[in-house]
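Q: okay, here's the prediction I keep looking at, along with the sequence it came from:
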Amino acid sequence: MGSAWRLPLKEKMWLLFLYPYSGIIRASMYIFPFRILSKCLGGYYQNRTLSTVVTEQQRMLAWRIGRIVELATRATPWEAKCLVQAAMARTLLGYYKIPYVLHIGARMTHEEGEPLKAHAWVKVGSWVIIGGGGLQAFGIVSSFVSPSLLNDHE
């Protein structure tokens with residue numbers, strides 16, 4: 001967290017919000033079934049590979065959000081892996097009205113103790129801002145999009 005002191009004020013505020021928020025998300029994963037939690041990820045859009053159209057300014061802000069989410073989760077005493085990070089990023093992207101796609105994927109491992117692995121990643125435009133490498137290594141099981149994108153197509 002030493003590099004956090006050099007961040008701009010807005011990004012320090014993000015960190016102050018994201019650190020405890022990651023714990024709330026993590027605890028929620030133990031308390032609520034996924035069908036309830038998934039409503040917080042965005043609008044369900046089947047299992048499609050999608051991209052959004054964004055401005056360069058939105059893409060750069062989304063990239064910063066992704067870096068701050070990664071920084072915040074490095075310091076947590078609880079596990080804050082891909083789905084927690086994706087939910088955190090989705091929240092800030094929603095706040096700034098940046099269109100996003102959150103994918104959840106899975107793959108078979110053929111390992112006895114863990115036959116299936118899952119992964120979550122967030123795309124803004126064609127850029128993965130959280131959970132890089134997901135599309136190449138995992139088949140998409142579910143896609144969630146910014147609610148505003150669903151409203152445009154209904």
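A: All right, it came through fine.

Q: at which residues are the helices of this structure located?
A: Assigned by DSSP state H, the helices in the chain fall at 9-31, 34-37, 56-74, 82-95, 134-137, 147-153.

Q: and residue 103, how far is that from residue 46?
A: Separation of residue 103 from residue 46 (C-beta to C-beta, to the nearest Å) stands at 11 Å. Quick note: C-beta positions are derived from backbone N, CA and C, even for glycine.

Q: give the intersection of the neighbour lists for those two.
A: Here residue 103 and residue 46 have 142, 143 as joint contacts, going by C-beta atoms under 8 Å, 6 or more residues apart in numbering.

Q: name the nearest residue to the residue most central in space within the chain, sequence neighbours excluded.
A: Centroid-nearest residue in the chain: residue 86, 1.5 Å away (criterion: C-alpha atoms, centre = their mean). Distance criterion C-beta to C-beta, 6 or more residues apart in numbering; nearest residue to residue 86, sequence neighbours excluded, is residue 120 at 4.1 Å.

Q: now do the same contact list for the one you found.
A: Counting by C-beta under 8 Å, 6+ apart, residue 120 touches 82, 83, 85, 86, 102, 103, 104, 105, 130, 131, 134.
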